[in-house]
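Trainee: Please work out how this folds:
(one chain, ligands or ions: 2)
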Amino acid sequence: MSNGVNGVNHDMKELHMDGHVNGNGRSDDEGQRIKMKRKMSSPMLPAFMVSAPGKVIVCGEHAVAAIAASISLRSYLLVTTLSKSKRTATLQFPDIDLEHTWDIDALPWDAFSHPSKKKHYYDLVTALDPDLQKAIQPHLAVVSVDKPDAERKVHQNAAASFLYLFLSLGSKKSAGCLYTLRSTIPLGAGVGSSASVSVCLAAAMLLQIRALSGPHPDQPCDEAQVQLERINRWAFVGEMAIHGNPSGVDNTVATQGKAVVYQRPDYDKPPTVRTLWNFPELPLLLVDSKTPKSTAAQVAKVADLRATDEDLLDDCILPAIDMITNKTEALINQKDFNSKEFESLQRIGKLMTMNHGLLMSLGVSHPRLERVRELVDHEEIGWTKLTGAGGGGCSISLIRPDAPAEKLAELGRMLEREGFQQFKTTLGGDGVGVLWPAVLKNGLEDQDEEGGMEIDLDKFLEAPGNDGVEKLVGVQGGGGEREGWKFWRVEVGGTVSGPGSGR
Ligand SMILES: Nc1ncnc2c1ncn2[C@@H]1O[C@H](COP(=O)(O)OP(=O)(O)O)[C@@H](O)[C@H]1O
Ligand SMILES: C[C@@](O)(CCOP(=O)(O)O)CC(=O)O
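Mentor: Ligands and ions are numbered 1, 2, ... in the order given. As a prediction, this is how the structure comes out:
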């Protein structure tokens, strides 16, 4: 089981300023040395990039136990430090048409650094401070004032996440910076776009203040866990700034990657979360129905059903869904489970089909989601279920390994014709990744003598669509893992605690 949220790793305070954490405790002398090192001025940081995945719920919506897994759609955040004289922080988020610059010296540092308010990078913050929210309000109110309400809300949400983190983790002396983000995750479709953005922002700022060690390939597992936990905690803060009362599941998956099984016996309380480090990578077709969904409305719908049919719900349908989640977990843990083989995928697929049927019986499907299922079933190329709260949003289809390419192409054409958006993705991949410095080996033009190519801001901004972003900076450079990107990886059997974990 995971640690409780109060099972804080005290070794998180112990950090060399070269970014190396010693998890084994340290003497006062050593602590002093850290403080002294901290005072040394650091050279200007190179441009770097961080990336974090979105998530889907694989099974268990509306029941007690559910599994959520990362998807290979990701956000990419390029961080460029400005010259010393430029005292500005700029958010450049072209996906949502947001660009805003703040004067760093005009931000409410006094409020955030007041001894009664100041948080450190190793602190656990489980609620936003109303006074600090009030302090950033004037700096949010000026964002996108000329835009329509809905768009302004999206902009101000992103800005709130940024400002709360920037002011909590930075200082009056923070360097001027440009934060440029592109994401391949559909926004507001229930696949964790906001958590992915919050994880990128949290990881970037922790790296900027040198509060993270690694990632590097031979990093011990427990040290990697400390870094992930630290990022997850601050990503949760960013999520709170966007959502108010997030469950913590999305940011946990976006940080750690792979998958989690979470339990929500009481929807008014945060879930307990356990990581499935051995969750396999599975081929998945994500389809956005382009029908807006409301999680609250679907949860209310199920609650209404309980008023008339409590016994059916609580003795039959929801326990059956829980059983599907338990069986899915048991299946992937079986020694003979092979994510490349038809038999293994078919067993997961059948569970997904049953899960969808049960969700439909709760009334949380939607004709558009049923249409996707019908199309995939008709081509006989996979198994489909709705993902997330339902009533719109997305469906997921596990694709048969032997699905003929022409049938997949035909499905793609039909989906497009009917106004759906499809994303070919993989379940269960890496969590937050770092490209430091922002130099990639692409095998393309523009390489330096070592075969690397510095990521050019204009090219990043202009990369056409999801494919363009993936091709330019993607963690999977056209197939295998791309050289340069690094991840904090935890071996099977480990757990990470943090917001949304073990509470
Ligand atoms: N590509 C993006 N660029 C900038 N901000 C984003 C992006 N994707 C998501 N966000 C932020 O996350 C919020 C979306 O949250 P939400 O509607 O809950 O969607 P989701 O369910 O995908 O997390 C937006 O309002 C915005 O602030
Ligand atoms: C209704 C529920 O089961 C799914 C919510 O899905 P989403 O975060 O709206 O995609 C709630 C939950 O599991 O947190």
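
Trainee: I'd like the average pLDDT over stretch 384-392.
Mentor: Stretch 384-392 carries an average pLDDT of 97.

Trainee: Quick check: Ser83 touching Gly176?
Mentor: Yes - using Cβ atoms under 8 Å, Ser83 is in contact with Gly176, at 7.4 Å. (Glycine included, C-beta is placed from N, CA and C.)

Trainee: pLDDT below threshold where in the stretch 151-300 of the chain?
Mentor: Under the criterion pLDDT under 70, no range of the stretch 151-300 of the chain is flagged.

Trainee: What are the boundaries of the helices in it?
Mentor: Counting by DSSP state H, counting those that start in this stretch, the stretch 151-300 of the chain has helices at residues 193-208, 221-243, 249-256, 295-312.

Trainee: Smallest gap between the stretch 251-400 of the chain and ligand 1, at which residue?
Mentor: In the stretch 251-400 of the chain, the residue that lies nearest ligand 1 is Gly388 (8.0 Å; Cβ to the nearest ligand atom).

Trainee: Name the nearest residue to that residue, ignoring sequence neighbours.
Mentor: In this structure, Gly388 finds its nearest non-sequential neighbour in Gly190, 3.5 Å apart by Cβ to Cβ, 6 or more residues apart in numbering.

Trainee: that older thread, doesn't Ser395 make contact with the residue of the stretch 251-400 of the chain closest to ligand 1?
Mentor: No - checked against Cβ under 8 Å, the pair Gly388 and Ser395 is beyond contact range at 9.4 Å.

Trainee: Pick out whichever of those two has more residues nearby.
Mentor: Shown here are Gly388 and Ser395; by other Cβ atoms under 10 Å, Ser395 has more neighbours (28 against 23).

Trainee: can I assume the more buried one sits in a helix?
Mentor: No - applying DSSP: H, G, I helix; E, B strand; the rest coil, one finds Ser395 to be strand, outside a helix.

Trainee: Next, work out how far apart it and Thr291 are.
Mentor: 11 Å (Cβ to Cβ, to the nearest Å).

Trainee: same check, this time on Cys316
Mentor: For Cys316 relative to Thr291 (Cβ to Cβ), the value is 28 Å.

Trainee: Looking at those two, which is more packed in?
Mentor: Thr291 (16 against 13).

Trainee: For the more buried one, list the residues it contacts.
Mentor: Contacts for Thr291 (Cβ atoms under 8 Å, 6 or more residues apart in numbering) come out as 366, 368-369, 391-393.

Trainee: Now with 10 Å, please.
Mentor: 189, 366-369, 391-394, 419-420 (Cβ atoms under 10 Å, 6 or more residues apart in numbering).

Trainee: rewinding a little: please determine how far the residue of the stretch 251-400 of the chain closest to ligand 1 is located from ligand 2.
Mentor: 3 Å (Cβ to the nearest ligand atom, to the nearest Å).

Trainee: Overlap in contacts, Gly388 and Ser395.
Mentor: Common neighbours of Gly388 and Ser395 are listed as Val56 (criterion: Cβ under 10 Å, 6+ apart).

Trainee: secondary structure element for the residue lying closest to Leu163 once chain neighbours are set aside?
Mentor: Closest residue to Leu163 apart from its sequence neighbours, by Cβ to Cβ, 6+ apart: Ile136 at 4.8 Å. Element membership for Ile136 (DSSP states H and E) is helix 130-141.

Trainee: Not counting that helix itself, show me its contacts.
Mentor: Contacts for helix 130-141 (Cβ under 10 Å, 6+ apart): 100, 102-103, 106-112, 114, 116-117, 119, 128-129, 152, 155-157, 159-160, 162-164, 166-168, 240-241.

Trainee: Please find the angle between the direction vectors of it and helix 221-243.
Mentor: In terms of direction (axes from the mean of the first three to the mean of the last three Cα atoms, to 10 degrees), helix 130-141 departs from helix 221-243 by 70 degrees.

Trainee: Can you show me the CA trace of helix 130-141 as PDB?
Mentor: Listed next in PDB are the C-alpha coordinates belonging to helix 130-141 (Å, rounded to 0.1, in the frame of the first residue of the first chain):
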ATOM      1  CA  PRO A 130      -7.100  32.400   0.800                       C
ATOM      2  CA  ASP A 131      -4.900  35.400   1.600                       C
ATOM      3  CA  LEU A 132      -2.400  34.400  -1.000                       C
ATOM      4  CA  GLN A 133      -5.200  33.800  -3.500                       C
ATOM      5  CA  LYS A 134      -6.400  37.300  -2.800                       C
ATOM      6  CA  ALA A 135      -2.900  38.600  -3.300                       C
ATOM      7  CA  ILE A 136      -2.600  37.200  -6.800                       C
ATOM      8  CA  GLN A 137      -6.100  38.200  -7.800                       C
ATOM      9  CA  PRO A 138      -5.200  41.700  -9.200                       C
ATOM     10  CA  HIS A 139      -2.400  40.000 -11.300                       C
ATOM     11  CA  LEU A 140      -5.000  37.500 -12.700                       C
ATOM     12  CA  ALA A 141      -7.700  40.000 -13.300                       C
END
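
Trainee: What are the buried residues along that helix?
Mentor: Using 16 or more other Cβ atoms under 10 Å as the test for burial, helix 130-141 gives 132, 135-136, 139-140.

Trainee: Stretch 365-384 now?
Mentor: Neighbour-count burial for stretch 365-384 [16+ other Cβ under 10 Å]: 365-366, 368-373, 375-376, 379, 381-384.

Trainee: What about ligand 1: which of those touch it?
Mentor: Restricting the buried residues of stretch 365-384 to those within reach of ligand 1 (Cβ under 6 Å from any ligand atom) leaves nothing.

Trainee: picking up where we left off before, can I get the buried part of the contacts of helix 130-141 as one PyMOL selection?
Mentor: Those of those that count as buried under 16+ other Cβ under 10 Å are selected in PyMOL with:
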select buried, resi 100+102+107+108+109+111+112+119+128+129+152+155+156+157+159+160+162+163+164+166+167+168+240+241
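
Trainee: Could you verify my assumption that Glu410 touches Glu379?
Mentor: Yes - the pair Glu410 and Glu379 passes the contact test of Cβ atoms under 10 Å, sitting 6.7 Å apart.
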